[in-house]
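1. Just the structure for this:
(one chain, ligands or ions: 1)
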Amino acid sequence: MKIALIAHDQKKPEMIQFTIAYKDILKDHELFATGTTGKRIKEESELPIHRFQSGPLGGDQQIGAMIANNEMDIVIFFRDPLTAQPHEPDVSALMRLCDVHFIPLATNLAAAEIIIHGLEQNNLEWRNVRAKAKDIKK
Ligand SMILES: O=C(CO)COP(=O)(O)O
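-> Here you go, the predicted model:
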């Protein structure tokens, strides 16, 4: 599965702990992240991860483009609900695209735990069917 990992600055420590705690599950999947989140995950968990631009420079939109192309299966986005973001429209657009395309989205640690356990138990296999449907359409 292709998994996007994104965290606003105040939530980055939580994201690092999450990736270290679930490294054994995450290592079997293809990981993507916005710039700074990805750099920290790579350094601290040593998981391989594809890094896009930093969020305020377009990283959220790059991940959004993957969702629009049916190329992303899960989004884990630890948003900071207490700090205004200069790129708030990009953040909203990314979450909107998850809803448009039925992409599981966790915006906090509690929801991320449920998704990761679902992933571990193969509860997200339907995503593979949807991804294949896209290939057939082409
Ligand atoms: O701002 C972000 C998501 O909206 C995250 O970007 P960084 O990972 O580059 O800090």
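2. check contacts around D28.
-> Contacts for D28 (CB atoms under 8 Å, 6 or more residues apart in numbering) come out as none. Glycine gets a C-beta too; all of them are placed from N, C-alpha and C.
3. Show me which residues of this structure are close to the ligand?
-> Taking CB under 6 Å from any ligand atom as the test, the list of the chain residues beside the ligand reads I6, H8, T34, G35, T36, T37, S54, G55, P56, G59, D60, V91.
4. wouldn't the third one be in contact with I49 here?
-> In other words, T34. No: taking CB atoms under 8 Å as the contact criterion, T34 and I49 are not neighbours in contact, 10.4 Å apart.
5. Compare neighbour counts for the two and give me the winner.
-> Set side by side, T34 and I49 show unequal neighbour counts under other CB atoms under 10 Å, the larger going to T34 at 28 against 21.
6. Would you mind giving the domain segments of the protein?
-> For the chain, the structural domains run 8-16+31-64+88-103, 108-138, going by automatic domain parsing.
7. and I76, which of these is closest to it?
-> For the domains of the chain, distance to I76 was read as CB to CB. The smallest value, 4.8 Å, belongs to domain 108-138.
8. Tell me which residues touch the residue in the chain positioned nearest to the ligand, please.
-> Relative to the ligand, the nearest point of the chain is G55 (2.2 Å; CB to the nearest ligand atom). By CB under 8 Å, 6+ apart, G55 lies in contact with I6, H8, T34, G35, T36, T37, Q85, H87, D90, V91.
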